[in-house]
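>>> Have a look at this prediction, sequence included:
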Amino acid sequence: MENISNEIEVEGRTVEEAVKKALSILKVSRRQLHIKVVAEEQKGLFGMSGAKPAKILASVVIKSSKKKA
């Protein structure tokens, strides 16, 4: 059984950057993080980065050690 807690919304230039920020803020390992991509980054004029940042919802997944009987 899994419980989800501490959900935050994070932006970054890329999805990977947003994930790294979430890991730093929540201080958990990547295995404990559930990621939902809200918006992919969008390139600007001539393919330059930064037109629109990537946005994710990151939440900590806590696995319960209890087993069903």
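Sure thing, it's come through. Quick caveat: nothing in here was measured; it's all calculated off a predicted structure.

>>> After whichever helix or strand residue 18 is part of, heading C-terminal, what element do we hit next?
For residue 18, the element it lies in under DSSP states H and E is helix 15-26. For helix 15-26, the succeeding helix or strand toward the C-terminus, using DSSP H and E, is strand 33-39.

>>> okay, the angle between that following strand and helix 15-26?
130 degrees (axes from the mean of the first three to the mean of the last three Cα atoms, to 10 degrees).

>>> Starting from strand 33-39, tell me which strands it pairs with and how they run.
Paired with strand 33-39 in the same sheet, following DSSP bridges, are strand 54-63 (antiparallel).

>>> what is the mean pLDDT for the partner strand?
Across strand 54-63, pLDDT averages out at 91.

>>> How about stretch 6-26?
94.

>>> Okay, buried residues for that stretch please.
10, 12, 15, 17-19, 21-23, 26 (16 or more other Cβ atoms under 10 Å). All C-beta spots, glycine's among them, are computed from the backbone N, C-alpha and C.
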